[in-house]
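Enquirer: Structure here, sequence nowhere to be found:
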């Protein structure tokens, strides 16, 4: 087990190193930089002023030197300064992390709490009207883009209540906080819930045909015990995998959702930083997201052994 953990941690470090290289050099091969954007906005270009600004920002140095300077600062917790606001990048990023974390956490909770029970019900009621209805709902969830669903929610809110949901960054109570995040979380988590439901249904149908399920029924076990203690416990591994992958894909949905609902989170801030070629913000945000995604996949692998005693990670 120890040797496996060491290997996995080493692979995580190699993966993150590769991601850091790709992030850094992709940003540099994109035409234009922050200096070009600033001078274009000003309407004139003075070569001497431009060279001085590039030197001040450090983007006149060789790419390898720039990369080493950035990655060294990242490992020390020094994210540099934003090119746009001239404030420490960490000071710009930290206040936005809790907002996106709450939104993503609630979306994942919505996905699992809705998708898994409905998937079990759809499998148990296979071939019934309820099964067909749930399958149509899941297909709809997979087909509807999150931005369109968000706009539909906003339109319905205006038609029914005469106003759009207003984001409150400082809710007074947990109930107010839930009301603030629930609607955008549902918009971004609906697709994940639909996918989780379909995977749960497929996995449950396979398990329900196994001999030990028939044996449990023959011994007089109740339907709830058969479906949840015996069947779901053995069908949960593919669902865990999907939830782990969806945690990564949530970032893409959050970019659109935070923009549609005017939420000042990390994902929306990342889009603005990319538009301004704000290298310190973009590089550090994407690296933080990569760390979260890689760590989530590592946790999913560890959860396999927890949910299925037959799995053992040996040396």
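Expert: Everything's here; your move. Predicted model only: the values in this text are computed from it and were never measured. Residues are numbered from 1 along each chain as shown.
Enquirer: can you tell me which helix in the protein is longest?
Expert: For the chain, the helix that runs over the most residues, judged by DSSP state H, is helix 174-208.
Enquirer: on contacts alone, who are the packing partners of it?
Expert: If contacts are counted by 3 or more CB pairs under 8 Å, 6 or more residues apart in numbering; DSSP states H and E, helix 174-208 sits against helix 97-124, helix 129-143, helix 146-161, helix 233-260. For every residue, glycine as well, the C-beta is placed using N, CA and C.
Enquirer: Rebuild these as TSV, extending it with distance to residue 274.
Expert: Converted to TSV, those look like this (distance: least, CB to CB, whole Å):
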stretch	distance to residue 274
helix 97-124	16
helix 129-143	28
helix 146-161	17
helix 233-260	10
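Enquirer: quick one, which of those is nearest to residue 90?
Expert: Minimum separation from residue 90 across the helices and strands packed on helix 174-208 (CB to CB) falls at helix 97-124, 10.2 Å.
Enquirer: tilt between the closest one and helix 233-260?
Expert: 140 degrees (axes from the mean of the first three to the mean of the last three CA atoms, to 10 degrees).
Enquirer: Output the below-cut-off pLDDT ranges for the chain.
Expert: Scanning the chain for pLDDT under 70 picks out 1, 32-34, 36-46, 252, 305, 308-315.
Enquirer: Show me how it divides into domains.
Expert: 32-78, 96-312 (the TED database).
Enquirer: chain center to the first one: distance?
Expert: By that I understand domain 32-78. 30 Å (CA atoms, centre = their mean, to the nearest Å).
Enquirer: Could you identify which of the domains of the chain is most buried?
Expert: Using mean count of other CB atoms under 10 Å, the stretch among these with the largest mean neighbour count is domain 96-312, at a mean of 17.
Enquirer: centre of the chain versus that domain, how much separation?
Expert: Distance, centroid of domain 96-312 to centroid of chain: 10 Å (CA atoms, centre = their mean).
Enquirer: hang on, the earlier thing: nearest to residue 23, out of the domains of the chain?
Expert: Closest among the domains of the chain, using CB to CB: domain 96-312, at 5.0 Å.
Enquirer: one step back: and the angle from the longest helix of the chain to helix 129-143?
Expert: Using the same axes, to 10 degrees: helix 174-208 against helix 129-143 is 120 degrees.
Enquirer: what's the angle from the helix or strand following helix 174-208 to helix 174-208?
Expert: Downstream of helix 174-208, the next assigned helix or strand under DSSP states H and E is helix 211-218. Between the axes of helix 211-218 and helix 174-208, defined by the same axes, to 10 degrees, the angle is 100 degrees.
Enquirer: now for helix 211-218, which elements pack on it?
Expert: Checked by 3+ CB pairs under 8 Å, 6+ apart, helix 211-218 has no helix or strand packed alongside it.
Enquirer: Could you point out which of the helices and strands packed on helix 174-208 sits nearest residue 2?
Expert: helix 233-260 (22.9 Å).
Enquirer: From the contact counts, what lies against that closest one?
Expert: helix 97-124, helix 146-161, helix 174-208, helix 266-275, helix 279-307.
Enquirer: can you list those helices in a markdown table and add distance to residue 220?
Expert: Listed next are the helices and strands packed on helix 233-260 as a markdown table, based on distance: least, CB to CB, whole Å:
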| stretch | distance to residue 220 |
| --- | --- |
| helix 97-124 | 18 |
| helix 146-161 | 45 |
| helix 174-208 | 17 |
| helix 266-275 | 51 |
| helix 279-307 | 26 |
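Enquirer: With that, I have no additional questions.
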